[in-house]
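> Everything below, folded, please.
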Amino acid sequence: MGATAILGQLAQKFACEEAQHGRECCLIDLDLQFGDAAFQLGLQPALTVADLIAGRARVDGEMLRSIAAGHSSGLQVIAAPSEILPLEALDSDPLMHILDEAKSEFGTVFVDLPSNWTNWSLSLLASADLVLMVTQLSIPSLHRARRQLDLVMQHLGGVRIQLVVNRFEKKLFGKLGADDVARVLGREADYLVANDYAVVSEAIDRGVPVSEIRRKGGVTRDLNALEAGVAAALGRDR
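Okay, the predicted model is just below:
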């Protein structure tokens with residue numbers, strides 16, 4: 001399960017919980033080149049972020065709702081472009097306007113970022129209430145995460161970051177464990193998400209929460225804990 005799958009599963013669960021309190025949330029896929037969050041949720045929207053970029057001078061709540069696709073969980077999804085766009089197709093100021101309007105319209109906004117840094121990445125992170133950094137339990141992944149953490153802390157020391165380690169397996173002889181995460185990153189992981197490729201793949205193919213595939217599995221338990229932690233960090237009652 002990659003970062004997009006983690007976010008999609010989190011956002012579905014969050015949307016279901018928010019609906020019980022009469023609130024909404026939205027997921028915006030800003031990976032302008034390879035974003036597939038909508039497809040992982042079983043959606044095929046006719047309109048995408050590209051339409052927001054084209055009409056950025058007139059973006060408001062009504063326009064956002066006309067572009068967003070509704071998921072069965074109640075989550076509103078604004079998909080990545082269907083064609084590859086240069087990352088520079090979006091500038092910081094129009095992006096901040098889009099996100100401000102989305103937050104005003106939907107309350108909570110999840111954003112899936114491209115893996116490559118852009119000229120607007122830091123501006124977006126600076127405006128976030130919470131940043132989730134997703135990594136895997138491998139030496140290359142942990143060192144990439146360390147470089148990203150160092151960059152963010154260098155420029156945005158006050159931003160609140162929570163670390164998610166996905167595809168986690170209990171440490172066996174010769175394998176990495178949670179203590180290695182702390183050693184490489186200089187901090188412990190906030191969340192560990194169990195490795196269950198078959199369950200997650202089926203959930204993505206069907207566009208449903210993993211809990212519908214395996215209600216009591218380890219990955220379901222860990223994603224529920226992630227949602228509860230994010231809700232608490234954002235001050236949402238549950």
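> Check the offset of the longest strand seen in the chain from the chain's centre.
Ranked by residue count under DSSP state E, the longest strand found in the chain is strand 161-168. Chain-centre distance of strand 161-168: 12 Å, with Cα atoms, centre = their mean, to the nearest Å.
> tell me what it is packed against?
Packing contacts for strand 161-168, counted by 3 or more Cβ pairs under 8 Å, 6 or more residues apart in numbering; DSSP states H and E, involve helix 3-19, strand 131-136, helix 139-155, helix 178-185, strand 191-194, helix 218-233. Quick note: C-beta positions are derived from backbone N, CA and C, even for glycine.
> run the last query once more with 6 Å
Identification of packing neighbours for strand 161-168 by 3 or more Cβ pairs under 6 Å, 6 or more residues apart in numbering; DSSP states H and E yields strand 131-136, strand 191-194.
> right, so these: which one is the most enclosed?
strand 191-194 (a mean of 22; mean count of other Cβ atoms under 10 Å).
> I'd like the helices and strands packed on strand 161-168 as a markdown table, with distance to Arg146 and mean pLDDT appended.
Below are these laid out as a markdown table (distance: least, Cβ to Cβ, whole Å; pLDDT from 0 to 100):
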| stretch | distance to Arg146 | mean pLDDT |
| --- | --- | --- |
| strand 131-136 | 9 | 96 |
| strand 191-194 | 18 | 96 |
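> Save the ones you listed as TSV, and put in distance to Asn119 too.
Shown next, in TSV, are the helices and strands packed on strand 161-168 (distance: least, Cβ to Cβ, whole Å):
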stretch	distance to Asn119
strand 131-136	18
strand 191-194	30
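> Nice, that's everything, thank you.
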